[in-house]
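> just a sequence and a predicted model for now, questions to come.
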Amino acid sequence: MNFHSGAERVPRSTNPDHGNDPGLLGHPRGRGEGWECGRGPGAQKVARLNLMSVLCPGHLSQLAHAIRLLLEYTDSNYEEKKYPMGDAPNYDRSQWLNEKSKLGLDFPNLPYLIDGTHKLTQSNAILRYIARKHNMCGETEEEKIRVDVLENQVMDVRLCMAMICYSSDFEKLKPDYLKEIPKTMKLFSDFLGKRPWFAGDKLTYVDFLAYDVLDMHRIFEPKCLDEFPNLKDFISRFEGLKKISAYMKSSRFLPGPLFLKTAVWGNKYCPVTRRRE
């Protein structure tokens, strides 16, 4: 399975514990070109995933992180390609632009996934595609409703945060955004309730989205979850998943940046909460 994103390609891991798995992208929140699902001889060739966001509005760059986490959790053997973005003032994106129209994508964009004859763009569509292979989209009607609602709520919250972080008026807008964070976190807290996962008793792909957006906010404001113990427990529970924990402690996992170079905040590595102990 191949996965594509917008950051520089990182050399394959030399750690023998990683076997033949390709190294992760240098951008912790995005995966690049190509990946294959399955391990060992005869592994099923599942997809080529292109997660890059160079060509998209800058706020989409972080969307790759949840996809990487899901790939790791599902034990998917994937290869990722990244398209580098140049530095200011031009932020050159020619590597992606030169390939954009040659990939056979219906709606050329980053990230993208190519899995045999299936070619996908749009990060949530990619997440659902992977999740369906592993029965992680909810089983009961109630679970499916909660999955659908939370997916869209996370997107709304993510876009609001991105609008602030990419704005030239970031310092002026930040105080008001900080005031709204407790209200936003309370909505997530109330929705989760006493459930272990957001859809219910079983992990679904929206838990990966929820973890990502909650993590971004605790990097932005480290104390934002202090009043919401169930969200803190959710974070700990998610990071405690065996495959997630191993990934976060591996040399393949990097702590940032959260956004593209064009952002005012979050455009550099910020290992405030990233787990690599």
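That came in fine, so what should we check first? Remember, predicted model here, so these are calculated numbers, not experimental data.
> and the strands in the protein?
2-5, 48-50, 79-82, 112-115, 118-121 (DSSP state E).
> any stretches of this structure with poor pLDDT?
In the prediction, the chain carries residues with pLDDT under 70 at positions 1-62, 254-255, 269-277.
> how is it partitioned into domains?
Domain assignment for the chain by automatic domain parsing gives 2-136, 141-241.
> JSON lines for those, including distance to residue 262?
Bear in mind the C-beta positions are built from the backbone N, C-alpha and C, glycine included. Output for the domains of the chain, formatted as JSON lines (distance: least, CB to CB, whole Å):
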{"stretch": "domain 2-136", "distance to residue 262": "5"}
{"stretch": "domain 141-241", "distance to residue 262": "7"}
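> among the ones you listed, which is the most enclosed?
Here the criterion is mean neighbour count by mean count of other CB atoms under 10 Å, and of these the winner is domain 2-136, at a mean of 20.
> quick check: residue 128 touching residue 137?
Yes. Assessed by CB atoms under 8 Å, residue 128 is found in contact with residue 137 at 6.4 Å.
> overlap in contacts of the two?
Common neighbours of residue 128 and residue 137, counting by CB atoms under 8 Å, 6 or more residues apart in numbering, are residue 205.
> quick one: closest of the domains of the chain to residue 248.
domain 141-241 (6.5 Å; CB to CB).
> now residue 203. Nearest residue, chain neighbours left out?
residue 197 (5.2 Å; CB to CB, 6 or more residues apart in numbering).
> and the one you found, what are its bridge partners?
Beta bridges link residue 197 to residue 200 when assigned by DSSP bridges.
> surely it meets residue 209?
No. Contact criterion CB under 8 Å: residue 197 and residue 209 do not qualify, at 11.9 Å.
> in contact with residue 214, which residues?
Residue 214 sits in contact with 185, 188, 225, 231, 234-235, where contact means CB under 8 Å, 6+ apart.
> name the residues that touch stretch 190-203?
The contact list for stretch 190-203 (CB under 8 Å, 6+ apart) reads 136, 138-140, 142-144, 146-147, 149-150, 153, 204, 206-207, 210, 230-231, 234, 237, 241.
> just give me the residue closest to the centre of the chain.
Closest residue to the average C-alpha location of the chain: residue 65 at 2.0 Å, with CA atoms, centre = their mean.
> how far away is that residue from residue 123?
10 Å (CB to CB, to the nearest Å).
> just checking, residue 232 touches residue 222?
No. Look at residue 232 against residue 222 with CB under 8 Å: they stay out of range, at 11.8 Å.
> mind naming the longest helix for the chain?
Determined from DSSP state H, the single longest helix within the chain is helix 141-165.
> contacting residues for residue 209?
Contacts of residue 209 (CB under 8 Å, 6+ apart): 66, 124, 127, 150-151, 154.
> go on, residue 168?
By CB under 8 Å, 6+ apart, the residues touching residue 168 are residue 264.
> and it, how far is that from residue 159?
To residue 159, residue 168 is 18 Å away according to CB to CB.
> do residue 98 as well
Distance, residue 98 to residue 159, by CB to CB: 29 Å.
> residue 262 now?
With distances taken as CB to CB, residue 262 is found 16 Å from residue 159.
> residue 117 now?
From residue 117 over to residue 159 the distance is 32 Å, taken as CB to CB.
> let me see the ranges of the helices in this protein.
Using DSSP H, helices in the chain cover 64-73, 94-99, 123-133, 141-165, 170-192, 205-220, 229-239, 242-249.
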